[in-house]
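Student: model the structure of this input:
(one chain, ligands or ions: 1)
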Amino acid sequence: MIEENVKKLLSEIPEKNGFGEKVTLVAAVKLQSVGDINRAVAAGITDIGDNHVQEFKEKYELIGGNPRRHFIGHLQTNKVKYLIGKVDLYHSLDRFALAEEISKRSLNAETVSDVLLQVNIGEEQSKGGFAFEEAFAAYKKIVAMPSLRLKGLMAMLPFSDDLPLLVKLAEKMRGLFEKVKDFDTNAEHLSMGMSGDYNLCLDAGSNLIRLGTAVFGQRNYN
Ligand SMILES: *Cc1c(COP(=O)(O)O)cnc(C)c1O
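Tutor: Modelled structure (predicted):
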């Protein structure tokens, strides 16, 4: 099942988006067993993304195949210390306090952390991230913090079947990404797209998608 899903996704997802940028597939591994994650990696998954620090810690040493590690979930500042030096890309930089903490911890550990600025594109109460209008100013501020390398933007579209609205929001994010890229040549990722909306996100100009259900099937929350 997982093997088939991965093979199908890898054959169907375009190598490049419409802007000529390489597309990266991150498998969202929250609540998945070590066995299933290893199965996905063996089938060709090169990047995995965690949501929970506890799960990340428990599984860290048990994942084979040396995939790139992403942290895609909401991150409490007091848990940053467990991740420093182990995460290749933090997607969910959603507030200044978190940026300051990752910067400080990275500096102390003599490492540099790659991060994406999260934007709350749907203006949803339930989601973290900078407001769209504040995001560029926040980017300019965070880009100056030591031991932090901003690599672009991340967003989650709202759960909605209003396709025109989703396309509009995804294109708005691409517009902001263009602005950020003009300002900072390090910006290379627009992380946007989950199992339900990744095709429209790629069409709009995302170059990094985070898929859970499409890789592993329906999550078991029990
Ligand atoms: C769970 C999760 C995903 C994957 O969701 P699916 O709908 O299962 O593909 C992507 N991004 C984040 C931040 C997530 O928490």
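Student: contact partners for residue 70?
Tutor: By CB atoms under 8 Å, 6 or more residues apart in numbering, the contact set of residue 70 is 26, 47, 48, 49, 50, 87, 88, 89, 90, 91, 210. C-betas here are computed from N, CA, C, even on glycine.
Student: same question for residue 65.
Tutor: If you count contacts by CB under 8 Å, 6+ apart, residue 65 has them with 38, 41, 42.
Student: same question for residue 31.
Tutor: Residue 31 neighbours (CB under 8 Å, 6+ apart): 55, 219, 220, 221.
Student: just to revisit the earlier point, ChimeraX command for the buried members of the contacts of residue 65?
Tutor: A single ChimeraX command selects the buried members of those (16 or more other CB atoms under 10 Å):
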select :38,41
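Student: in a markdown table, list the contacts of residue 65 along with secondary structure and pLDDT.
Tutor: Below are those laid out as a markdown table (DSSP: H, G, I helix; E, B strand; the rest coil; pLDDT from 0 to 100):
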| residue | secondary structure | pLDDT |
| --- | --- | --- |
| 38 | helix | 98 |
| 41 | helix | 98 |
| 42 | helix | 98 |
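Student: remind me, longest helix of this structure?
Tutor: helix 163-183 (DSSP state H).
Student: what about the next helix or strand after it, average pLDDT?
Tutor: Note on helix 163-183: by DSSP states H and E, the next helix or strand toward the C-terminus is strand 189-192. Averaged over strand 189-192, pLDDT sits at 98.
Student: centre of the chain versus the helix or strand that comes right after strand 189-192, how much separation?
Tutor: On the C-terminal side of strand 189-192, the nearest following helix or strand under DSSP H and E is helix 198-204. Mean-position distance between helix 198-204 and its chain equals 15 Å (CA atoms, centre = their mean, to the nearest Å).
Student: how about stretch 191-201?
Tutor: The answer for stretch 191-201 is 11 Å, by CA atoms, centre = their mean.
Student: likewise for stretch 165-174?
Tutor: Centre-to-centre, stretch 165-174 and its host chain are 17 Å apart (CA atoms, centre = their mean).
Student: stretch 214-222: end-to-end distance?
Tutor: Criterion CA to CA, to the nearest Å; first-to-last residue distance in stretch 214-222 is 19 Å.
Student: same deal with stretch 19-26?
Tutor: Using CA to CA, the end-to-end distance of stretch 19-26 comes to 19 Å.
Student: what are the buried residues along it?
Tutor: Applying a neighbour-count criterion of 16+ other CB under 10 Å, the buried positions in stretch 19-26 are 21, 23, 24, 25, 26.
Student: ramachandran coordinates for the fourth one?
Tutor: Think residue 25. Dihedral pair for residue 25: phi -100, psi 120, per degrees, to the nearest 10.
Student: hmm, it is touching residue 12, no?
Tutor: No. Residue 25 is beyond contact range of residue 12, at 10.4 Å (criterion: CB atoms under 8 Å).
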